[in-house]
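Undergrad: Show me the folded form of this:
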Amino acid sequence: MKNNVYINGRIVSGERALVSVFDRGLRYGDGVFETLKAYDGRPVFLKEHLLRLSGGMKALGIPVKALKTLRSDIRDRVLERLLKKNGLTRGVAYIRITVTRGVDVGGHLPVRGTSPTVVVVAGAVDERAIKRKGARGVRAVTIKGPGQVVPGVKSLNYLPNVLGRIEAKRQGAVEGIFVAEDGSITEGTSSNVFVVKAGVIKTPLLSAGALPGITRSVVIELARKKRIPVKETKVLLRDLYKGDEVFITNSVSEVVPVVRVDSKKIGRGTPGGITRVVQGEYSKKLRGAFL
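TA: Residues are numbered from 1 along each chain as shown. Predicted coordinates:
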């Protein structure tokens, strides 16, 4: 795989894709990002990801007009060109779009007129590992903490998620699920969480701090179309432990069954029927997007 990067309107080699040491994204985590998937050189749910990206920029006060060049370049198929230059026109890849407030030699308070930095990278995805997780299910552990530094915004302040994932790996798990002080769950370190009980799918409210996941939204829509009840509600840790099924979602791994949380076996300890239905409907949705 080659390593080409889109940065501020140009595609350059990774060695030439340089960001200033004074960039606020590096200094303060002052920015937002989106990670999306591509199949055979074509991005998936691009419109939805750009909408969430611009929403995050607005929440942080970063001028959305900074995306004007990127949007124009996307219309001219710059993402497809980047994937092609990196040898990613077959199989599954990821695309990460990062926007920082830009270069600023001042202090915490941003200097007016700073020009945002826009970077897009693309890389390969281990498709076999994703399929294996989707087929067998994974183990998750619970992590005390609120998750996102800025609730509902996919900001570059991602340290809680990084530390949560490190802790999950230390315990031999694939994912960490954040649990707030009141015992409610919010989300995973890189996923949204769903619990199935008595045929009803429950997922934490966005107002509880969960990220408005793109895959989360699609799954809710697809489940309701299949007449599977979905409730966005407060979900407690005990609900997680006692669920008949649990699954997590994100843009790269899609829909992944969780068969064990901490020391608790979920249901029968195997992927459940409703999870399988959701996986199937999501796969059909993706196939339909490329017909």
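
Undergrad: drop to CA atoms for contacts and neighbour counts, all remaining ones
TA: Will do.

Undergrad: Geometric centre of this structure: which residue is closest?
TA: The C-alpha lying nearest the average C-alpha coordinate of the chain belongs to residue 250 (CA atoms, centre = their mean; 4.9 Å).

Undergrad: That residue and residue 212 touch, don't they?
TA: No: the criterion here is CA atoms under 8 Å, and residue 250 misses it with residue 212 at 10.5 Å.

Undergrad: Got the phi and psi for residue 32?
TA: Dihedral pair for residue 32: phi -140, psi 160, per degrees, to the nearest 10.

Undergrad: That should have said residue 174, apologies.
TA: Dihedral pair for residue 174: phi -90, psi -30, per degrees, to the nearest 10.

Undergrad: Let me see the contact set for it.
TA: Residue 174 sits next to 138, 139, 140, 165, 168 when contact means CA atoms under 8 Å, 6 or more residues apart in numbering.

Undergrad: how does it look with 7 Å?
TA: When the contact criterion is CA atoms under 7 Å, 6 or more residues apart in numbering, the partners of residue 174 are 138, 139, 140, 168.

Undergrad: and those residues as JSON lines, adding pLDDT and neighbour count?
TA: Formatted as JSON lines, the contacts of residue 174 follow (pLDDT from 0 to 100; neighbours: other CA atoms under 10 Å):
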{"residue": "138", "pLDDT": "98", "neighbour count": "22"}
{"residue": "139", "pLDDT": "98", "neighbour count": "23"}
{"residue": "140", "pLDDT": "98", "neighbour count": "24"}
{"residue": "168", "pLDDT": "97", "neighbour count": "22"}
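
Undergrad: a markdown table please, covering those and showing distance to residue 267 and secondary structure.
TA: A markdown table is the format used below for these (distance: CA to CA, whole Å; DSSP: H, G, I helix; E, B strand; the rest coil):
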| residue | distance to residue 267 | secondary structure |
| --- | --- | --- |
| 138 | 13 | strand |
| 139 | 13 | strand |
| 140 | 14 | strand |
| 168 | 21 | helix |
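
Undergrad: Return the closest of those with respect to residue 193.
TA: When the contacts of residue 174 are compared for distance to residue 193 (CA to CA), residue 140 comes out closest, at 10.7 Å.

Undergrad: Report the separation between the residue nearest to the centre of the chain and residue 188.
TA: Computed as CA to CA, to the nearest Å, the residue 250 to residue 188 distance reads 10 Å.

Undergrad: which regions of this structure lie under the pLDDT threshold?
TA: Flagging of the chain using pLDDT under 70 yields the residue ranges 1, 289-291.

Undergrad: 90 instead, please
TA: Scanning the chain for pLDDT under 90 picks out the ranges 1-2, 106-107, 111-113, 145-152, 208-209, 286-291.

Undergrad: domain parsing for it?
TA: Taking automatic domain parsing as the criterion, the chain consists of the domains 4-125, 130-289.

Undergrad: could you pull out the strands for the stretch 151-291 of the chain?
TA: In the stretch 151-291 of the chain, the segments counted as strands under DSSP state E, counting those that start in this stretch are 175-179, 185-188, 192-197, 200-204, 230-233, 245-250, 254-261, 264-265.

Undergrad: Out of those, flag the one nearest residue 122.
TA: Residue 122 sits nearest to strand 245-250 of all the strands of the stretch 151-291 of the chain, at 17.0 Å, using CA to CA.

Undergrad: By residue count, what's the longest helix in the chain?
TA: Across the chain, the longest stretch assigned as helix under DSSP state H is helix 273-289.

Undergrad: relative to strand 254-261, how tilted is it?
TA: 160 degrees (axes from the mean of the first three to the mean of the last three CA atoms, to 10 degrees).

Undergrad: by contact count, what packs against helix 273-289?
TA: helix 214-225 (3 or more CA pairs under 7 Å, 6 or more residues apart in numbering; DSSP states H and E).

Undergrad: Can you list the helices and strands that the helix it packs on packs against?
TA: Checking 3+ CA pairs under 7 Å, 6+ apart, helix 214-225 ends up next to strand 245-250, helix 273-289.

Undergrad: Who does the first one pair with, and is each partner parallel or antiparallel?
TA: Taking DSSP bridges as the criterion, strand 245-250 forms sheet pairs with strand 192-197 (antiparallel), strand 254-261 (antiparallel).
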